[in-house]
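Structure for the following, please:
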Amino acid sequence: MSTLLRTPIKGLFETPVELPSLIDEVPLSIVVLDTRRRIAMINRAFEALSGFSMEESKGIQCSHIMRSKLCIQKCPLENMDVNSEPVSVESDMINKDRQLVPVRINLSPIRDAEDNLAGFLETVEDLRPIKEVSSRGTHAYIFRHLIGKSPEMVRIFQTLPLLAQSDSAILITGETGTGKDLLAEAVHQASNRAKGPFVKVNCGALPETLLESELFGHQKGAFTGAVENKPGRFRLAHNGTLYLTEIGDLPLALQVKLLMFLDDMVVYPLGSAKGFQADVRIIAATHRNLDHMVKEGKFRQDLMFRLNVVRLHLPPLRERGDDIRLILDHFMNIFATRFRKKINGMSKKALKIIMDYPFPGNVRELRNIIEYAVNMCSKGQIHSTHLPAYLAETKHFYGRVSSEAGEGSGWASPVATADKEQSGQKTWASLERDMIIKALVKTKGRRNKAADMLGWGRSTLWRKIKQYKIDV
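Reported below is the predicted structural model:
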């Protein structure tokens with residue numbers, strides 16, 4: 001067996017290829033066993049799945065590393081000989097972190113040059129991404145941190161395992177707070193790039209000059225202040241996924257440079273004539289109506305075509321029906337556990353207020369509402385008095401508007417709701433604007449502290465200041 005492992009593979013290759021280096025490039029977990037079912041070799045994918053290194057595994061009985069129920073019941077290798085057909089079976093394994101992992105195990109004999117049994121080949125496929133998508137009747141579909149059973153979400157969940165296995169560009173659309181970031185990360189984690197980096201860039205968080213350096217990197221001396229080389233996010237995402245959120249805010253000049261990268265996958269840092277070939281999958285997301293922006297000349301049509309290979313649209317929460325109750329219960333369990341409180345659900349009145357609310361902030365807003373309510377409730381049921389005051393006070397006059405006014409959201413913008421505010425009917429937009437102003441006043445204009453006070457990221461606060469035209 002050891003001779004077989006050291007033998008270079010010839011014939012198809014111009015130069016001999018060593019077996020260990022070859023199987024390390026295979027994304028599927030591979031285990032090579034000797035005739036006594038001891039581990040002779042594992043590849044990097046199996047090291048990542050099991051948590052055991054090659055040094056820890058070599059010479060150890062397979063059952064001590066796999067730790068599968070197959071090992072306890074009856075291992076298919078017990079009766080496998082040189083003439084046996086390959087066997088495929090679904091089972092499980094316990095990794096080094098003591099997690100139970102559902103797997104599909106494929107077993108086949110290895111023959112030497114004289115057709116004698118030299119050992120066994122075992123491939124192990126991680127079934128967690130597939131098992132997490134449950135299609136049983138009334139049960140909720142779950143994919144990573146996304147949950148729901150509405151028809152729109154079911155279609156997304158059923159598509160994700162297939163999309164994850166390709167390297168095609170993906171464009172995720174949907175209103176603010178619908179979970180675009182979670183969806184992008186779920187695609188990455190379910191893909192063959194899961195062991196690589198997941199790098200996120202908010203295209204609306206930085207001015208154009210800084211954003212170009214942040215994305216593509218720069219050479220020392222490329223501009224004033226460039227005192228050292230900077231790799232850039234494309235290079236940092238090599239062999240992984242680059243997630244460009246708020247792609248609609250990307251300046252036109254950088255849209256051209258991004259288009260060039262998508263054409264040849266080469267990154268040219270500022271101040272350098274030498275390019276770097278980056279193996280990166282691009283996932284972009286926006287809450288804006290890119291089709292309308294293309295017509296207005298604010299977004300390049302050719303870039304739209306390149307990014308829009310696969311489009312996933314996350315529906316707003318108000319259109320997801322029973323998903324609201326599912327997500328509400330999910331967050332209630334999370335925060336009750338985190339705050340160590342015995343919460344026994346929600347009163348009928350409080351639940352009606354929640355279910356009747358249109359959620360302009362979508363899932364993110366629902367999460368904040370439940371976190372606030374669990375904080376305010378000491379124990380027992382959550383009542384209407386435990387909910388944020390604006391839910392009871394607001395009469396929810398959220399009229400439909402054109403995509404031009406709502407930037408693709410389909411709901412009234414702060415400008416479109418001005419008449420309602422003048423008539424004394426407070427909208428979520430006006431309340432949110434007041435919250436931001438109060439936070440900025442309390443922190444004396446310091447945005448970082450204001451963002452912390454509001455529970456937002458700095459880029460979110462910056463975007464909302466711009467959206468509500470707040471002078472700082």
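
Could you look up the SS state of the one residue sitting closest to the centre of the chain?
For the chain, Glu185 is the residue whose C-alpha lies nearest the centre (C-alpha atoms, centre = their mean; 1.0 Å). On the three-state scheme (DSSP: H, G, I helix; E, B strand; the rest coil), Glu185 is labelled helix.

Repeat that for Val124.
strand.

what residues does stretch 34-43 touch?
Contacts to stretch 34-43, defined as C-beta atoms under 8 Å, 6 or more residues apart in numbering, come from residues 1-2, 5, 19-20, 23-24, 26, 29-33, 50, 52, 54, 57-63, 65, 75, 77, 117-120. C-beta here means a position set from N, CA and C on the backbone, and glycine is covered the same way.

Then stretch 236-248?
171, 180-181, 184-185, 187-188, 191, 193, 196-205, 233-234, 250, 258, 278-288, 290, 293, 299, 307, 463.

if we can go back for a sec, whichever of the contacts of stretch 34-43 count as buried, I'd like them selected in PyMOL; how would that read?
To isolate the buried members of those in PyMOL, using 16 or more other C-beta atoms under 10 Å:
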select buried, resi 1+23+24+29+30+31+32+33+50+52+57+62+65+75+77+117+118+119+120
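
Out of the contacts of stretch 34-43, list just those in strands.
In this view, the contacts of stretch 34-43 that belong to strands under DSSP state E are 29-33, 117-120.

Name the spans of the stretch 1-150 of the chain whose pLDDT lies under the cut-off.
1-21, 129-141 (pLDDT under 70).

tell me which of the ones in strands among the contacts of stretch 34-43 is nearest to Asp434?
Closest approach between the ones in strands among the contacts of stretch 34-43 and Asp434, by C-beta to C-beta: Ser29, at 54.2 Å.

How about the contacts made by the closest one?
42-43, 45-46, 48-50, 123-126.

Show the buried residues in the residues you listed.
Using 16+ other C-beta under 10 Å, the buried ones in those are 42-43, 45-46, 49-50, 123-126.

my guess is Cys203 contacts Leu250, does it?
Yes - counting by C-beta atoms under 8 Å, Cys203 does reach Leu250; the two are 4.3 Å apart.

Mutual contacts of these two, please.
What both Cys203 and Leu250 touch, as defined by C-beta under 8 Å, 6+ apart, is the set 211, 244.

Narrow the contacts of stretch 236-248 to those that are buried.
171, 180-181, 184-185, 187-188, 191, 193, 196, 198-205, 233-234, 250, 258, 278, 280-288, 290, 293, 299, 307, 463.

Not counting its neighbours along the chain, what's nearest the residue nearest to the centre of the chain?
With sequence-adjacent residues excluded and distances taken as C-beta to C-beta, 6 or more residues apart in numbering, Glu185 is closest to Phe198, at 6.0 Å.

Any chance of the backbone angles for that neighbour?
Main-chain dihedrals, Phe198, degrees, to the nearest 10: phi -110, psi 110.

Check the one 4 residues further on too.
Comment: the main-chain dihedrals of Asn202 come out as phi -90, psi 110, following degrees, to the nearest 10.

before we move on, what about Ser84?
Dihedral pair for Ser84: phi -70, psi 150, per degrees, to the nearest 10.

one step back: Serialize the contacts of Ser29 to TSV and add fields for distance to Ser166.
TSV is the format used below for the contacts of Ser29 (distance: C-beta to C-beta, whole Å):
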residue	distance to Ser166
Ile42	27
Asn43	22
Ala45	18
Phe46	23
Ala48	21
Leu49	21
Ser50	26
Thr123	21
Val124	22
Glu125	17
Asp126	18
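
rewinding a little: check the ones in strands among the contacts of stretch 34-43 and tell me the two furthest apart.
Across the ones in strands among the contacts of stretch 34-43, the longest distance by C-beta to C-beta is 22.5 Å; it joins Ser29 and Leu117.

Quickly find the element holding the residue in the chain sticking out farthest from the centre.
Here the centre of the chain is the reference, and by C-alpha atoms, centre = their mean the most remote residue is Glu114, at 49.4 Å. Using DSSP states H and E, Glu114 falls within no helix or strand.

Which parts of the stretch 51-200 of the chain are helices?
Using DSSP state H, counting those that start in this stretch, the helices of the stretch 51-200 of the chain run over 54-57, 62-66, 69-72, 128-131, 151-164, 180-190.

any idea which of those is most buried?
helix 180-190 (a mean of 21; mean count of other C-beta atoms under 10 Å).

Can you tell me the closest non-neighbouring residue to Val310?
Ile170 (4.7 Å).

out of everything not next to it in sequence, what's closest to Asp115?
Val82 (6.7 Å).

How about the contacts made by the one you found?
With contact set as C-beta under 8 Å, 6+ apart, Val82 has these partners: 109, 111, 115-117.

Check the spacing between Leu431 and Glu365 real quick.
11 Å (C-beta to C-beta, to the nearest Å).

more crowded one of those two?
Glu365 (19 against 16; other C-beta atoms under 10 Å).

For my notes, confirm the more buried one occurs in a helix.
Yes - using three-state DSSP, the assignment for Glu365 is a helix.

rewinding a little: what's the spacing between the residue nearest to the centre of the chain and Ala205?
According to C-beta to C-beta, Glu185 and Ala205 sit 18 Å apart.

Could you do Leu77 as well?
For Leu77, the distance to Ala205 - C-beta to C-beta - is 54 Å.

ok so, going back, so the residue nearest to the centre of the chain sits right up against Arg144, yeah?
Yes - Glu185 is within contact range of Arg144, at 7.1 Å (criterion: C-beta under 8 Å).

before we move on, back to that, would you list the buried entries among the contacts of Val82?
109, 117.

so which of the contacts of Val82 would you say is closest to Gln158?
Closest to Gln158, out of all of these and judged by C-beta to C-beta, is Pro109, at 36.5 Å.

Having no further points to raise, I will conclude here.
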